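Undergrad: predicted model follows, preceded by the sequence.
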Amino acid sequence: MGNIMMKVTVWILILTLGLKVECNTRICTHCCDEVYPGEGTPVYYMTQGPKGDQGNEGKQGIQGEKGEMGEVGPPGIQGPRGQKGEKGDTGDPAPLPPRSAFSVGRSTELLGNDTMPLPLTFDKVFVNEGNDFDKESGRFICHHSGIYFFTFTVQSYLDKYLGITLMKNSEPQVILYANAVPRRIMQSQSIMLKLRKSDIVWLKQAKGIRFSIYGNKDMQITFSGYLVYPDND
């Protein structure tokens, strides 16, 4: 009875005097040390609440400085071939190349004389493409510079010499020559020439009465030429 009275008396003194008694309110944390760092109640570490709503997106920050250019990467794989496009409009036609060709004949003989060499003229035109050949003078006048081919054929007169020269302007180029024989002989000559615009090509018979050529309606005397290809001018 005396012990009980003593304990009551002590509690009354504690409450009356307002003495503070330190109480150990820290719970055991031996199994939670890694998630519970220190003093205070560990409720937030021991119990996880529901996930909150996502917050609003913040304002865009200031643009940073431009970085250095990286190395060029390897070429990519070629993509698939695209579809065929529509047909384009028809283009303008190419300009036609120049044309120049002639072929003429003589139906009468040409007897030589001792005064001067005689130019050959012609009375039959087979072809005159481009009108570059003048039948009256027997001259071809070049209107398109380039490479030309020429050929001529004549028949000799009985017992007369044959001497026909192809001329370029005033310069002889090739000659067709034969001695006098008691029969008529057909002979030909050909040549290619590079001509400039306004050059003239023609035939002349040698000076002297001993030179003559024979001709009739069968056209044993002919002169032809044409443009092989023009210059690029």
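TA: That came in fine, so what should we check first? Numbers count the residues shown, from 1 in each chain.

Undergrad: tell me the contacts of the closest residue to residue 139 other than its chain neighbours?
TA: Excluding the flanking residues, the one nearest residue 139 by Cβ to Cβ, 6 or more residues apart in numbering is residue 202, at 4.4 Å. From N, CA and C alone the C-beta is placed, and that goes for glycine too. Contacts for residue 202 (Cβ atoms under 8 Å, 6 or more residues apart in numbering) come out as 119-120, 137-140, 166-167.

Undergrad: likewise residue 120?
TA: 106, 110, 138, 164, 202-205, 221, 223.

Undergrad: what ranges does this structure have for its strands?
TA: Counting by DSSP state E, the chain has strands at residues 101-106, 110-111, 118-119, 124-129, 133-134, 139-141, 146-156, 162-168, 171-178, 186-195, 200-205, 212-214, 221-230.

Undergrad: what packs against the second one?
TA: When contacts are defined as 3 or more Cβ pairs under 8 Å, 6 or more residues apart in numbering; DSSP states H and E, strand 110-111 packs onto strand 212-214.

Undergrad: need the buried ones from the contacts of residue 120 selected in PyMOL.
TA: Buried members of the contacts of residue 120 can be picked out in PyMOL with the line below, counting by 16 or more other Cβ atoms under 10 Å:
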select buried, resi 106+110+138+164+202+203+204+205+221+223
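
Undergrad: tell me which of the strands of the chain sits most buried.
TA: strand 212-214 (a mean of 23; mean count of other Cβ atoms under 10 Å).

Undergrad: contacts made by that strand with the rest, please.
TA: By Cβ under 8 Å, 6+ apart, the list of residues contacting strand 212-214 from outside reads 109-112, 154-158, 160-162, 164, 184, 205, 220-221.

Undergrad: and what of stretch 177-184?
TA: 155-163, 185, 187, 210, 214.

Undergrad: can you list the weak-confidence ranges in the protein?
TA: For the chain, applying pLDDT under 70 flags the ranges 1-48, 233.

Undergrad: cutoff 50 now
TA: 8, 10-11, 14-15, 17-25, 27, 29, 32-36 (pLDDT under 50).

Undergrad: nearest residue to the middle of the chain?
TA: Note on the chain: the residue nearest the mean C-alpha position is residue 91, at 15.9 Å, using Cα atoms, centre = their mean.

Undergrad: if we can go back for a sec, which stretch among the strands of the chain comes nearest residue 52?
TA: strand 221-230 (91.4 Å; Cβ to Cβ).

Undergrad: and the closest one, how far from the chain's centre?
TA: 35 Å (Cα atoms, centre = their mean, to the nearest Å).

Undergrad: same thing with stretch 125-136?
TA: 40 Å.

Undergrad: got the CA positions of that stretch in CSV?
TA: Coordinates of each C-alpha in stretch 125-136 appear next as CSV, following Å, rounded to 0.1, in the frame of the first residue of the first chain:
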residue,chain,number,x,y,z
VAL,A,125,20.3,20.2,-167.6
PHE,A,126,19.6,16.9,-165.8
VAL,A,127,19.8,18.2,-162.2
ASN,A,128,20.5,21.7,-160.8
GLU,A,129,19.6,21.5,-157.1
GLY,A,130,20.1,24.9,-155.5
ASN,A,131,20.6,26.6,-159.0
ASP,A,132,24.3,26.9,-158.4
PHE,A,133,25.1,25.9,-162.0
ASP,A,134,24.9,28.5,-164.8
LYS,A,135,24.1,26.7,-168.0
GLU,A,136,24.9,29.6,-170.3
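
Undergrad: which other residues reach it?
TA: Under the criterion Cβ under 8 Å, 6+ apart, residues 98-105, 121-123, 139-144, 224-226 lie in contact with stretch 125-136.
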